[in-house]
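Visitor: Provided below are the primary sequence and the corresponding predicted coordinates.
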Amino acid sequence: MAFEIPKLNYTGAIREIKLGRSGDVAVGGETAYPFYLFEGEMPNQPKIAMEVYDAPPEEDDDISFAPFKDVVGDPVAWAKMNVEKFGADMIALQLISADPNGLNRDGDQAAATAKAVAQAVDVPVIVYGTGDKDKDIEVLRKVAEECEGLNLIIGPTLEGNHKQIAAPCIGYRHTVAATSPIDINLAKQLNILLGNLGVREDGIIIDPTTGGLGYGIEYTYSIMERIRMAALAQQDDQLKYPILCDLGKEVWKSKEARMGGDDARYGDPAKRGIVMEAVTAVLMLISGADILVMRHPEAVALVKKFLKEFSGK
C-alpha cells in the first residue's frame, strides 16, 4: 500500500496584493503554510527587496556596504545597481536623512528622493521613514502625496500615527506597511484600525518587526508562524495579509556581524555577516514572509538559490 502524506484542509487564504506602478508584481495568495506545496498553492514566489539609503549611513565603511561603495550617496544609482546588477525584485528606500537625531531633512527633500528612486526603476518600491512617530507623519505624508500613482509600500505605519500616514496612502493609492512590535494581538489590532479608517483589503502588508539571527529570532519566528496559522487555519480575516520582514539592518547592526576576526570561533569576518543575513532570511521565509528586505548581494544570491531549489521555480 502506497504511503500517503497526511494533509490539512485549510479554511483560509492569504490575500494577494498587486504592487508597483503597473500592478504587475503580486505577493501573497498562499492557500497553505509556507512551502507546503503538497497541501496547497503558493502562487507567488516571495520577493527580495534590497536596501537603498537616501544618505550615506554612518557605518558605510563596513563590509555590508562594500559592494555599493561607488554609489553610496546617490540613491538613484544605488537602486539601479540593485536591480540591474544584483537582481533585486524590489527596492527598499530607507529615509535615514530625515532622522531628527541626524541630518533632520524635511519631508520635501525626502519625497523628492523617493519619487526619483521610484521613477528610476521598474520594480516596486518600499519607502520607510525614520521610525520616529512624529517626524514620520510629516515625511511619509509628503512622500505619499508626491509619489501619487507609483503605488509605493509606505511605512512604518504605527498605531500611534496610523491615521496621519494611512489617510494619504488611501487618497494617493499606496500600500500601507502596518508595523507592530512582535505581537500577534497588536498586529491584528492595527489591521482593524486601518480597515476602520478605510484602507482597502488589498492595501495592507503586515510588518511584524523582525529580529536578526541570534537574540529574539525565535520570538519573531513564532509570532509570524502564529499570524500565518490564524489566517489559514482559523479564518482570521484581520491577519490574512502578506508579511514583510525588514531584516537587513537588524542583522548588520549586530555585534557578531560587525566585529573583526580576532576570535576564530566566529569564522571568517568577511563571510560571517553574509551568512547571518542569509540564514535569517531563510528562517523568515519558512515562517511566512512574502517580502524580505535585505542588504548584501551575496546573501541575496544565497536566498535566491534556496528559493529556486526549495520551490522548484
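Guide: Received it, and whenever you're ready, just let me know what you need. Numbering: from 1, shown residues only.
Visitor: Check the burial of the nearest residue to residue 29 once chain neighbours are set aside by counting its neighbours.
Guide: If the residues on either side of it in the chain are set aside, residue 29 comes closest to residue 16, at 3.8 Å by C-beta to C-beta, 6 or more residues apart in numbering. C-beta here means a position set from N, CA and C on the backbone, and glycine is covered the same way. Neighbour count for residue 16, taken as other C-beta atoms under 10 Å: 15.
Visitor: List the contacts of residue 16.
Guide: For residue 16, the contacting residues are 26, 27, 28, 29, 43, 44, 202, by C-beta atoms under 8 Å, 6 or more residues apart in numbering.
Visitor: Wasn't the fifth one part of a strand?
Guide: Meaning residue 43. No: secondary structure of residue 43 (DSSP: H, G, I helix; E, B strand; the rest coil): coil, not part of a strand.
Visitor: What residues of the helix or strand bottoming out on mean pLDDT in the chain count as buried?
Guide: Between all helices and strands in the chain, the lowest mean by mean pLDDT, DSSP states H and E belongs to helix 255-258, at a mean of 81. Within helix 255-258, the residues scored as buried using 16 or more other C-beta atoms under 10 Å are 256, 257, 258.
Visitor: quick one: which of those is nearest to residue 206?
Guide: residue 257 (25.5 Å; C-beta to C-beta).
Visitor: Residue 276 is in contact with that closest one, correct?
Guide: Yes: applying C-beta atoms under 8 Å, one finds residue 257 in contact with residue 276, separated by 5.3 Å.
Visitor: Give the residues shared as contacts by those two.
Guide: 212, 251.
Visitor: Name the residues of stretch 76-89 that are buried.
Guide: Those would be 76, 77, 78, 79, 80, 81, 82, 83, 86, 88, 89, for stretch 76-89 by 16+ other C-beta under 10 Å.
Visitor: Please point out which parts of the longest helix along the chain sit buried.
Guide: Taking DSSP state H as the criterion, the chain has its longest helix at helix 269-287. By 16+ other C-beta under 10 Å, the buried positions in helix 269-287 come out as 269, 272-285, 287.
Visitor: Same question for stretch 108-119.
Guide: So for stretch 108-119, counting by 16+ other C-beta under 10 Å, buried means 109, 110, 111, 112, 113, 114, 115, 117, 118.
Visitor: do stretch 164-182 as well
Guide: Neighbour count says stretch 164-182 has 164-166, 168-170, 172-180, 182 buried, by 16+ other C-beta under 10 Å.
Visitor: for stretch 140-153, same thing?
Guide: Buried residues in stretch 140-153 (16+ other C-beta under 10 Å): 140, 141, 142, 143, 144, 146, 147, 150, 151, 152, 153.
Visitor: my guess is the fourth one meets residue 125, correct?
Guide: No: contact status for residue 143 versus residue 125: not in contact, 10.3 Å apart, counting by C-beta under 8 Å.
Visitor: so what sits against both of those two?
Guide: With C-beta under 8 Å, 6+ apart, residue 143 and residue 125 have common neighbours 114, 152.
Visitor: so where is the stretch 201-313 of the chain shaky, pLDDT-wise?
Guide: Filtered on pLDDT under 70, the stretch 201-313 of the chain yields the residue ranges 215, 261-264, 312-313.
Visitor: Which residue ranges of it form strands?
Guide: 204-207, 244-246, 291-294 (DSSP state E, counting those that start in this stretch).
Visitor: Dump the ones you listed into JSON lines; add distance to residue 308 and mean neighbour count as well.
Guide: JSON lines is the format used below for the strands of the stretch 201-313 of the chain (distance: least, C-beta to C-beta, whole Å; neighbours: other C-beta atoms under 10 Å):
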{"stretch": "strand 204-207", "distance to residue 308": "24", "mean neighbour count": "26"}
{"stretch": "strand 244-246", "distance to residue 308": "19", "mean neighbour count": "28"}
{"stretch": "strand 291-294", "distance to residue 308": "15", "mean neighbour count": "28"}
